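Undergrad: Here is my input; please provide its structure:
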Amino acid sequence: MAFTHRVSSLELGLFVGVVLELLRAWVRGDLLEERPSKGTVARFLRAPSPARGGPEAAALEEPLVTVVAEVDCFDVGLREDIPAAHPQVVEELIAELADRDGVASVHRYGLAALVVDVPDWDELRLKLWLTLWLQRHLPR
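TA: Model (predicted):
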């Protein structure tokens with residue numbers, strides 16, 4: 001029995017965004033003991049990419065959320081248009097995130113800023129959870 005799943009442009013955009021973040025971390029040397037050679041980086045930058053050009057590229061340049069790891073929490077920034085256009089969605093996001101196992105606290109500072117204390121999660125896991133949640137709940 002064959003499994004077929006039609007990939008939406010949002011799913012593809014999220015996947016490409018995550019891959020690009022991992023590649024940027026690799027280029028910065030965050031994932032390795034040493035940085036990759038300049039030739040390797042140049043080949044990567046010259047390679048064709050679905051993220052360059054087209055309507056999906058604009059969405060990839062400005063992600064739905066930005067997550068920055070701090071000493072004992074995460075600073076989360078929502079894309080500016082989200083709280084302005086969908087304040088109820090942001091409230092639902094905060095409530096649902098606060099109810100997740102392992103989440104100690106979620107505080108809102110300003111329209112588009114959150115501080116999340118979730119000791120067992122890493123930056124990528126939180127960003128993926130928030131991005132997927134927003135993609136499912138924001139009107140298209």
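Undergrad: in the chain, which spans are strands?
TA: Applying DSSP state E to the chain gives strands spanning 65-69, 74-78, 105-108, 113-117.
Undergrad: For Leu23, see how far away Ile82 is.
TA: According to CB to CB, to the nearest Å, Ile82 stands 26 Å off from Leu23. Using the backbone N, CA and C atoms, a C-beta is placed for each residue, glycine as well.
Undergrad: Make CSV from the strands of the chain and add mean neighbour count to it.
TA: CSV is the format used below for the strands of the chain (neighbours: other CB atoms under 10 Å):
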stretch, mean neighbour count
strand 65-69, 16
strand 74-78, 19
strand 105-108, 15
strand 113-117, 17
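Undergrad: okay if I get the ones you listed as a markdown table plus mean pLDDT and distance to Val90?
TA: Output for the strands of the chain, formatted as a markdown table (pLDDT from 0 to 100; distance: least, CB to CB, whole Å):
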| stretch | mean pLDDT | distance to Val90 |
| --- | --- | --- |
| strand 65-69 | 95 | 11 |
| strand 74-78 | 96 | 7 |
| strand 105-108 | 96 | 8 |
| strand 113-117 | 96 | 9 |
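Undergrad: can you put those in TSV and add distance to Thr131?
TA: Shown next, in TSV, are the strands of the chain (distance: least, CB to CB, whole Å):
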stretch	distance to Thr131
strand 65-69	6
strand 74-78	11
strand 105-108	16
strand 113-117	14
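Undergrad: Next up, the contacts around the closest residue to Ala98 other than its chain neighbours.
TA: For Ala98, ignoring the flanking residues on the chain, the nearest one in space by CB to CB, 6 or more residues apart in numbering is Val106 at 4.5 Å. By CB atoms under 8 Å, 6 or more residues apart in numbering, Val106 lies in contact with Ile94, Leu97, Ala98, Leu114, Val115, Val116, Asp117.
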